[in-house]
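Visitor: the sequence isn't on hand, but the structure is:
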């Protein structure tokens, strides 16, 4: 049921991003299992995408993980407080990635409430990339984690998301990317969040 390395080595980051909708994302941190259904993602196409951290071949300590072979987590800090989870895709040296923007909690809800200091699970608790990492107990210290280990993994449990239930839109918060900010690289399945 776990997705394999071959899945993340594919060269179609848009196809992978779309296909991740309906997959189950899990973490096991400090012995606590938490997880949920992926319902919102954004794709970033490496060196040619002005919204990507790797645009133009930029290579820094922050984005170095993007250049690894697909199947690792790329976590970075946004606005100095939000830890954002990305899945690196494609082969070694090609910095494609998928940002996980939303999940619907399915496992470990009590732990998620503790991590977020909330009293109850609300429809919006897992919407926003910073919220995803907080629910799952991930931080930038987890940058580079394998997506196939016992800490972080993705499962295909057969939940199919038909195209007519998917909204395809421009990405959020990438106005700096000029024309690339308008690319339809965000995939959302609102039905999953109901």
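Guide: Structure's in. What do you need? These numbers come from a predicted model, not from an experiment.
Visitor: quick one, helices of this protein?
Guide: 5-8, 13-20, 109-116, 129-136 (DSSP state H).
Visitor: of those helices, which stretch is the most buried?
Guide: Highest mean neighbour count among the helices of the chain (mean count of other C-beta atoms under 10 Å): helix 129-136, with a mean of 22. (C-beta placed from N, C-alpha, C; glycine too.)
Visitor: now it: mean pLDDT?
Guide: Mean pLDDT, helix 129-136: 96.
Visitor: what helices or strands is it leaning on?
Guide: strand 24-29, strand 32-45, strand 73-78, strand 82-89, strand 96-107, helix 109-116 (3 or more C-beta pairs under 8 Å, 6 or more residues apart in numbering; DSSP states H and E).
Visitor: wait, which of these is closest to residue 167?
Guide: Closest approach to residue 167 among these (C-beta to C-beta): strand 32-45, 9.1 Å.
Visitor: tell me the average confidence for that closest one?
Guide: For strand 32-45, the per-residue pLDDT averages 98.
Visitor: what residues sit buried inside it?
Guide: 32, 34-45 (16 or more other C-beta atoms under 10 Å).
Visitor: which residue of the protein sits farthest from its center?
Guide: residue 119 (25.1 Å; C-alpha atoms, centre = their mean).
Visitor: distance of the most centrally placed residue in the chain relative to residue 93?
Guide: For the chain, the residue sitting closest to the mean C-alpha position, by C-alpha atoms, centre = their mean, is residue 100 at 2.2 Å. In this view, residue 100 and residue 93 are 23 Å apart by C-beta to C-beta, to the nearest Å.
Visitor: excluding chain neighbours, give the residue nearest to the residue nearest to the centre of the chain in space.
Guide: Nearest non-adjacent residue to residue 100, counting by C-beta to C-beta, 6 or more residues apart in numbering: residue 85, 4.8 Å away.
Visitor: and the one you found, how many neighbours?
Guide: 27 (other C-beta atoms under 10 Å).
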